[in-house]
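> let me see the structure of the following:
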Amino acid sequence: MARRFNINAKKQKFRFYNKKERNKYNMQQRTSHAKKHVINLSKRRLSNQEYILLAKGLTFIPTPSSQNAKMSILKDYNEFARKLRCRYMFSQEKTDLHPFRSNTGYKPASTCHTLENYIDLTKLELSFLPIERNVKNNLTKGERIALRNLKNDETIVIKKADKNSNCVILDRLDYITEVTRQLNTQHYCQLDSFNMAELKIQVIEYIKSLYDQGIIDKISFKFLTNGQKLRDARLGRIYILPKIHRLETETFKQIQHDGLNELNIIPPGRPIISQCGSGGLGVRGLINGKLYL
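Prediction:
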């Protein structure tokens, strides 16, 4: 019995040893594949888990917490119920939807008894819906730690590369230097002063003049002068996408081999000015819609 026990123990140890080696080999393969999609142009050396995490892409969504899952479900259901009531009230109207209508968020008070009964009973069933707490996370423990470390590191900037979907890590100072260099060219000029409130007034006055002249209809006027959009309007923001395809082949291979930017090379960036949430967002949407009609 003792001899057989020793043989089984030896087999168990051998299997564990093979499993450990197999996990190590798999980690090396995953890291090697991830490094093909992650370009580290910073002076911060990345861990294997950080490479694997960044290789998933900037659009990857980690498993959300189930803590507020029921509240989120009920909130979405309330919007669904509102749309059901609107569909019931306006189903007989055969008017075409205006391409530049604004979302009013209209909430009908009540509709027929059958529909209201269905909405209430379904909401009651959803309120008793059991939420599974032990949901499998799509990130490992090491990847979650890597995500937290990258999120809290204020010395780097993570951007998508220009012309491809590779993930590029830059030193924050290098990123600011490149943006400042582009802003100091002849393509941009600095304003001595800027009044956002005055700009909002000018935009509204110009849109009102178009409406008074009959150039735009009432629905388009409401779309362009949406109070919430103008009230929360802010300035546009500039950011750049690093042009890693401009790097020489030997330089690129050296950076990939070293795993960090020891050559202190700052690639040129493609400037993009985001106008999301700015004052003229509705006007640009109208122009874009007219061009593609």
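
> how far does stretch 102-111 stretch from start to finish?
23 Å (Cα to Cα, to the nearest Å).

> swap in stretch 132-144?
Stretch 132-144: ends 20 Å apart by Cα to Cα.

> equivalent analysis for stretch 155-168, please.
14 Å.

> how about the helices of this structure, start to end?
2-34, 48-55, 69-90, 113-127, 141-152, 172-183, 196-212, 218-224, 227-231, 249-258, 281-292 (DSSP state H).

> show me what counts as buried in the fifth one.
Okay, so that is helix 141-152. Glu143, Ala146, Leu147, Leu150 (16 or more other Cβ atoms under 10 Å). Just so you know, the C-beta spots here come from the backbone N, C-alpha and C atoms, and that holds for glycine as well.

> touching, the second one and Ser47? I think so.
Yes. Counting by Cβ atoms under 8 Å, Ala146 touches Ser47, with 6.4 Å between them.

> any chance of the buried residues of helix 141-152 in a markdown table, plus distance to Cys276 and pLDDT?
A markdown table is the format used below for those (distance: Cβ to Cβ, whole Å; pLDDT from 0 to 100):
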| residue | distance to Cys276 | pLDDT |
| --- | --- | --- |
| Glu143 | 30 | 92 |
| Ala146 | 29 | 93 |
| Leu147 | 25 | 94 |
| Leu150 | 24 | 94 |
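
> what is the nearest of these to Lys75?
Nearest to Lys75 among the buried residues of helix 141-152 is Leu147, at 26.1 Å by Cβ to Cβ.

> surely that closest one and Leu53 touch.
Yes. Assessed by Cβ under 8 Å, Leu147 is found in contact with Leu53 at 5.9 Å.

> now do the shared contacts for these two.
Common contacts of Leu147 and Leu53 (Cβ atoms under 8 Å, 6 or more residues apart in numbering): Leu139.

> what comes into contact with stretch 165-178?
Counting by Cβ under 8 Å, 6+ apart, 37-44, 46, 54-55, 57-58, 154-161, 240, 242, 244, 261, 266-269 sit against stretch 165-178.

> mind showing which ranges of the stretch 151-293 of the chain have poor pLDDT?
226-232, 277-293 (pLDDT under 70).
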